[in-house]
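**Student:** Need coordinates for the following:
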Amino acid sequence: GRTTPWNTAAVWNVPKLSLAGFSLVGEGLHRDEIADDGSLVAGGVEEVSTIALLQKLLPNTANAKLLPLSGVVWNQTFDDDERKRWHERKMASKVLRPAKHLQLLGLTDADSYALHFPNVK
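**Tutor:** As a prediction, the model looks like this:
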């Protein structure tokens, strides 16, 4: 979730994406088998399970690419301590949530990755 392109600014290869679509595992519909309270596995970060599924189906051609956007600045400075803590929890969950999703899909060995192209303008 922290090294995967986010849908916020993603461009998908629709013919490849249409082979599996966005996995509904990211919708938060499954019970968390580890939790004692019967809670659901948190949804979101559906990009990771989608990329992992496509890479499983198309191991030689399903790539996730991160491109630099020099004019974009991501504001991560917060004056409010509570807002800062919320942001830190959210970013940590971008690792935990997709890990649970991949586990549900049986893709714990998934090589979901992003290729970096630092010289692309």
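**Student:** hey, let's count contacts and neighbours off CA atoms from now on
**Tutor:** Noted.
**Student:** Relative to Arg85, how far out is the residue lying farthest from the centre of the chain?
**Tutor:** The centre of the chain is farthest from one residue, Asp79, which by Cα atoms, centre = their mean lies 27.5 Å away. Per Cα to Cα, to the nearest Å, Asp79 is found 11 Å from Arg85.
**Student:** Next: Trp12.
**Tutor:** As judged by Cα to Cα, Trp12 and Arg85 stand 32 Å apart.
**Student:** what about Val72, neighbour count?
**Tutor:** With neighbours defined by other Cα atoms under 10 Å, the count for Val72 comes to 7.
**Student:** Could I get the full set of strands for this protein?
**Tutor:** In the chain, the segments counted as strands under DSSP state E are 65-66, 115-116.
**Student:** Of the ones you listed, which shows the lowest average pLDDT?
**Tutor:** For those, the weakest mean pLDDT is recorded on strand 115-116, namely a mean of 52.
**Student:** Look up the closest residue to Ser97, ignoring the ones flanking it.
**Tutor:** Heads up, residue 97 is Arg, not Ser. Spatial nearest neighbour of Arg97, chain neighbours left out: Ala42 (6.1 Å); criterion: Cα to Cα, 6 or more residues apart in numbering.
**Student:** From Asn13, how far out is that neighbour?
**Tutor:** 27 Å.
**Student:** For these two, indicate the residue with more neighbours.
**Tutor:** The neighbour count for Ala42 versus Asn13, taken as other Cα under 10 Å, is higher for Ala42 (20 against 10).
**Student:** so how far is Ser18 from that one?
**Tutor:** From Ala42 over to Ser18 (counting by Cα to Cα), the distance is 24 Å.
**Student:** Report the residue spans of this protein with pLDDT below the cut-off.
**Tutor:** Residues of the chain that meet the criterion pLDDT under 70 lie in 1-2, 110-121.
**Student:** and with 80 instead?
**Tutor:** Scanning the chain for pLDDT under 80 picks out 1-9, 33-36, 38, 66-69, 74, 108-121.
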